[in-house]
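# need coordinates for the following:
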Amino acid sequence: MTEYRKKTTGEIKTQGELRRDNPNISFPKVWNRDVCDALDIDPVMIAAAPTEGIGQYQHAVRNGVEQNSNGDWVYAWQIVDMFSDGDGGTKAEQQTAYQAQLDSSAADQNRRSRDRLIAETDWWASSDLTMSSAQNSYRQALRDITAHSNWPHVEEADWPTKP
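Just a heads-up that it's a prediction; the model follows:
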């Protein structure tokens, strides 16, 4: 949704709000520089939220608009903590509970991946086949993945290689 900054007040408005504020004006479908000048507004360009400098329990929230080096108005962002001391417990307790939730979700997802990989090799264990040592080791490594030092946040390189 495109937003606009009123030059006189700095107030941010949507197209719909500007149309409602100006009921006696007929607006074109596409708003160009002439429309913006007539309404004394500047378009606000979308600026992606920052990804660098954000801690483990922080996130970026929109915090108004600011003028960039090109003179365009863009979204301003502020990095804030996800948790604070209050009704939900202490900040540390909330972080611990949130991390436990993330760990549980990662463990569930990785167990499903492990189970799928084992199921893909179940045919190796058919009664009319003899598994090689490498096949046995691979299946055992899959079963043991939950004991990996990075569990439950295993990376691609932590998974055993299929023979």
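
# show me what the host helix or strand of Q94 is packed against.
Here Q94, judged by DSSP states H and E, is contained in helix 91-120. With contacts taken as 3 or more Cβ pairs under 8 Å, 6 or more residues apart in numbering; DSSP states H and E, helix 91-120 sits against helix 133-143. Quick note: C-beta positions are derived from backbone N, CA and C, even for glycine.

# tell me the buried residues in the helix it packs on?
Within helix 133-143, the residues that count as buried by 16 or more other Cβ atoms under 10 Å are Q135, Y138, R139, A141, L142.

# for the closest residue to the fourth one other than its chain neighbours, give me the pLDDT.
Nearest residue to A141 in three dimensions, chain neighbours excluded: P160, at 3.6 Å (Cβ to Cβ, 6 or more residues apart in numbering). As predicted, P160 sits at a pLDDT of 96.

# and what of Q99?
For Q99, the predicted pLDDT is 92.

# could you do M1 as well?
Confidence score, pLDDT, at M1: 68.

# now swap in the one 4 residues further on and tell me
Model confidence at R5, expressed as pLDDT, equals 96.

# CA atoms only: put the helix or strand harbouring it into CSV for me.
Assigned by DSSP H and E, R5 belongs to strand 3-6. Below are the C-alpha coordinates for strand 3-6, written out as CSV (Å, rounded to 0.1, in the frame of the first residue of the first chain):
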residue,chain,number,x,y,z
GLU,A,3,1.7,6.0,1.6
TYR,A,4,2.3,9.7,1.3
ARG,A,5,3.8,12.3,3.6
LYS,A,6,2.0,15.6,3.8
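
# tell me the strands beside it, with direction?
Taking DSSP bridges as the criterion, strand 3-6 forms sheet pairs with strand 12-14 (antiparallel), strand 41-45 (antiparallel).

# single out the most deeply packed of these.
Across the strands paired with strand 3-6, averaging neighbours per residue (mean count of other Cβ atoms under 10 Å) puts strand 41-45 on top, at a mean of 18.

# what stretches of the protein score poorly on pLDDT?
The model of the chain has pLDDT under 70 over residues 1.

# okay, buried residues for stretch 5-14 please.
Buried residues in stretch 5-14, counted by 16+ other Cβ under 10 Å: R5, I12, K13.

# any idea what G86 is bridged to?
Residues in a beta bridge with G86, per DSSP bridges, are G89.

# that one: neighbour count?
Counted with other Cβ atoms under 10 Å, residues neighbouring G86 total 9.
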